[in-house]
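# Sequence and predicted structure below; questions after.
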Amino acid sequence: MTITNDLAADAVAPAPADDSRGRKGGGALGRYLLVRFLLIFPTVFILVTVVFVLMRATGDPITAALGGRLPPEQLHERIHQAGYDRPILVQYLDYLGRIVRGDFGTTLSDHLPVTKVLTTYGAATLELALYALVVAFLVGIPLGRIAAARRDRLPDAGLRIAAILGYATPVFFAGLLLKLIFSVWLGWLPPNGRASTRDLITMKTHGARTGIYLIDAISTGKWSVVADVLQHAVMPALALGLLTAGVFLRLVRTNMISTLQTGYVEAARSRGVAERRLVRAHAWRPALVPIITVIGLQIAMLLGGAVLTETTFEWKGLGFQLVQYLNARDFVAVQGMVALLAVIVAVTNFIVDVIAALVDPRIRY
């Protein structure tokens, strides 16, 4: 009865009904985005609290970094100056207050603000993450499409095994294997670093650079510099990108198979539409929508994998620098960098949620 009344109302007054649905959809989108935005704050709060507790579980950062290298009197004096002899709750509240003001601390080993470390080394990590995403898209999405089109056949089985292996293989092991093959055995690619050309070093000295070497190389107008930067990026991008490619492959395959079993695809199949056209016209685009949602989760994975990848290839980004601070037992730097990265990941996830909600209205409800 309700459905009949709704249809009758639509037939009599279509414009107001459409406008009402538009307002409802807009309201649902607004509520969804508001909830997702508000969730940033408890997420960041929990993450920075966990980081603080874990760092303090090892003792105060001054003793961890300088213990045994300073006389006890100087050590106690530095602990008092830094406020690490105060009650732990007071330290925690002061820590939260500084984060709210945008102060993530100052490193003990090189006396740099953590935000300065981010701006100095963040471009390298961002560049590596973008390279890895390109590899994941170029490898994972087409292979997922092939696996779905040949479901339960030999290509599908082989690709699923490859996806599991790619996801399960440790990043550092994949990096070492790539270096062994392409640098040691074949000699095709440079084993370490981000570039070996002096053109970029000159740009760095004069400050005329973005920090993203590919953009800086293109700005020189020399294709030999661009080629050098890309050669250095191939193995790190493959080592990190294949990890995410396995996720994309299985996700695209699963969603394409699900779409191919829907009623409208079955109806098209019964009309004699070719299977290749069904995959291309009906199952391909809907399968890409979940990829947008998963990208937010993969950003965190890429940042975590960047620590091992950058260390393996001496790619001097945030991950490489984080390992240096860990080796120096500079827990103030580690705590600040992890907290700052937590904020970046939370904001990135919100942006991805916004894009996903705009692409797929079903996400709002």
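Everything's here; your move. Residues are numbered from 1 along each chain as shown.
# okay, now H232: neighbour count?
Residues within reach of H232, counting by other C-beta atoms under 10 Å, total 22. Any C-beta I mention is one placed from the backbone N, CA and C, and that applies to glycine too.
# And it, how far from A129?
Relative to A129, H232 is positioned 16 Å away (C-beta to C-beta, to the nearest Å).
# got it, and L260?
To A129, L260 is 32 Å away according to C-beta to C-beta.
# repeat for G193
Taken as C-beta to C-beta, the span from G193 to A129 is 18 Å.
# Pick out whichever of those two has more residues nearby.
With neighbours defined as other C-beta under 10 Å, G193 and A129 compare such that A129 has more, 23 against 11.
# List the contacts of the more buried one.
A129 makes contacts with 240, 299, 302-303, 306, as judged by C-beta atoms under 8 Å, 6 or more residues apart in numbering.
# want to try JSON lines for the residues you listed, with pLDDT, secondary structure and distance to L118 as columns?
Formatted as JSON lines, those follow (pLDDT from 0 to 100; DSSP: H, G, I helix; E, B strand; the rest coil; distance: C-beta to C-beta, whole Å):
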{"residue": "L240", "pLDDT": "89", "secondary structure": "helix", "distance to L118": "19"}
{"residue": "I299", "pLDDT": "72", "secondary structure": "helix", "distance to L118": "15"}
{"residue": "L302", "pLDDT": "75", "secondary structure": "helix", "distance to L118": "16"}
{"residue": "L303", "pLDDT": "71", "secondary structure": "helix", "distance to L118": "12"}
{"residue": "A306", "pLDDT": "77", "secondary structure": "helix", "distance to L118": "13"}
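# Out of the residues you listed, flag the one nearest to G175.
Using C-beta to C-beta, L240 is the member of the contacts of A129 that lies nearest G175, at 8.3 Å.
# what about the nearest residue to V343 once chain neighbours are set aside, which helix or strand?
The spatial neighbour of V343 that comes closest, neighbours along the chain excluded (C-beta to C-beta, 6 or more residues apart in numbering), is V44 at 5.5 Å. V44 belongs to helix 40-56 when elements are defined using DSSP states H and E.
# For that helix, give the mean pLDDT please.
The average pLDDT within helix 40-56 is 85.
# Low-confidence stretches in the stretch 101-250 of the chain?
198-208 (pLDDT under 70).
# Now do the helices in it.
114-149, 154-168, 171-178, 198-206, 213-220, 223-260 (DSSP state H, counting those that start in this stretch).
# try the stretch 251-365 of the chain
All helices of the stretch 251-365 of the chain, identified by DSSP H, counting those that start in this stretch, fall at 263-270, 275-278, 284-313, 318-327, 331-359.
# Between helix 114-149 and the fourth one, find me the angle.
Direction vectors for helix 318-327 and helix 114-149, defined by axes from the mean of the first three to the mean of the last three C-alpha atoms, to 10 degrees, enclose an angle of 130 degrees.
# same question for helix 318-327, mean pLDDT?
For helix 318-327, mean pLDDT rounds to 86.
# Neighbour-wise, which one of the contacts of A129 leads?
Most neighbours among the contacts of A129, by other C-beta under 10 Å: L240, with 30 neighbours.
# OK, contacts around it?
Per C-beta under 8 Å, 6+ apart, neighbours of L240: 128-129, 131-132, 135, 171, 302, 305-306, 309.
# possible to save those residues as a markdown table with distance to S224?
Listed next are these as a markdown table, based on distance: C-beta to C-beta, whole Å:
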| residue | distance to S224 |
| --- | --- |
| L128 | 22 |
| A129 | 26 |
| Y131 | 20 |
| A132 | 25 |
| V135 | 23 |
| V171 | 30 |
| L302 | 29 |
| G305 | 30 |
| A306 | 27 |
| T309 | 25 |
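# So which of those wins on neighbours?
Of all these, T309 has the most neighbours under the rule other C-beta under 10 Å, reaching 30 neighbours.
# That one contacts A233, correct?
No. The pair T309 / A233 is not scored as a contact, 11.1 Å apart, by C-beta atoms under 8 Å.
# What values do phi and psi take at G83?
Main-chain dihedrals, G83, degrees, to the nearest 10: phi 80, psi 20.
# same question, the one 3 residues further on
In terms of degrees, to the nearest 10, the main-chain angles of R86 are phi -80, psi 170.
# Next, count neighbours for it.
For R86, using other C-beta under 10 Å, the count is 12.
# Could you measure from it over to R56?
R86 sits 12 Å away from R56, going by C-beta to C-beta.
# Then L70?
Taken as C-beta to C-beta, the span from L70 to R56 is 20 Å.
# Serialize the helices of the stretch 101-250 of the chain to TSV and add fields for distance to N349.
As requested, those are arranged in TSV below (distance: least, C-beta to C-beta, whole Å):
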stretch	distance to N349
helix 114-149	14
helix 154-168	20
helix 171-178	22
helix 198-206	32
helix 213-220	26
helix 223-260	16
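# Check the contact lists of T309 and A233 and give me the overlap.
Contacts common to T309 and A233, judged by C-beta under 8 Å, 6+ apart, are L128.
# A342 is in contact with the residue nearest to V343, correct?
Yes. At 5.9 Å, V44 and A342 qualify as touching, with contact defined as C-beta under 8 Å.
# between those two, who's got more neighbours?
A count of neighbours by other C-beta under 10 Å puts A342 above the other of V44 and A342, at 21 against 17.
# Share the number of residues neighbouring the residue lying closest to I218 once chain neighbours are set aside, please.
Closest residue in space to I218, ignoring its immediate chain neighbours: V226 at 5.9 Å, by C-beta to C-beta, 6+ apart. By other C-beta under 10 Å, 18 other residues sit near V226.
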